[in-house]
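Enquirer: Have a look at this prediction, sequence included:
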Amino acid sequence: MKSNPKTAWNPERLDMRAFAQAGASLQAEEPLPGFERLHAEAVLEGQSSVGLVRWQARGEMRPGATGGEPTAWLHLQADTSVPLTCQRCLGPVDTPLAVDRWFRFVADEAAAAAEDDDCEEDLLALEPRPSLHDVLEDELLMELPLVPMHDTCPVPVTLRSGDPAVGDEDGGASPRKNPFAELARLKK
């Protein structure tokens, strides 16, 4: 096999086997709007600038688990900060996201599905060629917190409810009426 080192890799259709055999790496800083699904989660009210997603990917070949031929691996790292809605004060909260994952590549989707239950590492298929951008966006989306919140909200949080057990709008607890006492009064 003739060695032909590539100097430009297409992250949208990455030849992962060649990338790993070359021990190649890619890195970039991309604006958050380039990641449509992640950008859709962001709260951009009053935000004058959009964040950057900084990422790097490195490929390597590792010996097969059963002594077979070497397999392609990808190390993906990324970080960004996304403004999300604080679930306590409903204001924007800058939420840092970080990804540091290894992926082992197998021949195709069927092989990935067959091996997925028996292995601890994350599996991806060599074919169809993966989009590094899509893999990265998927990983960042999985890092989003279920309930984004400030550690300490910048504004006082006011709790109000129409439920008398919570208290009235003045903050004082109003006595709760006993529904059975009302029935007893009607029975007379």
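Expert: Thanks, I have it.

Enquirer: all helices for the chain, in order.
Expert: 16-21, 36-41, 109-116, 132-142, 179-187 (DSSP state H).

Enquirer: For residue 42, give me phi and psi.
Expert: Backbone torsions of residue 42, given as degrees, to the nearest 10, read phi -80, psi 150.

Enquirer: can you offset everything so residue one is 8?
Expert: All set: I'll call the first residue 8, so the last point we hit is now residue 49.

Enquirer: neighbours around residue 87, how many?
Expert: By other CB atoms under 10 Å, 21 other residues sit near residue 87. For the C-beta atoms, the positions are set from N, CA and C on the backbone; glycine is no exception.

Enquirer: and it, what does it touch?
Expert: 39, 45, 58-61, 103-104, 147 (CB atoms under 8 Å, 6 or more residues apart in numbering).

Enquirer: How much space separates it from residue 41?
Expert: In this view, residue 87 and residue 41 are 11 Å apart by CB to CB, to the nearest Å.

Enquirer: quick one: the strands in this protein?
Expert: 32-38, 59-69, 78-92, 99-113, 129-132 (DSSP state E).

Enquirer: got CSV for those strands, with distance to residue 139 and mean pLDDT too?
Expert: As requested, the strands of the chain are exported to CSV (distance: least, CB to CB, whole Å; pLDDT from 0 to 100):
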stretch, distance to residue 139, mean pLDDT
strand 32-38, 7, 95
strand 59-69, 6, 95
strand 78-92, 8, 94
strand 99-113, 10, 93
strand 129-132, 10, 86
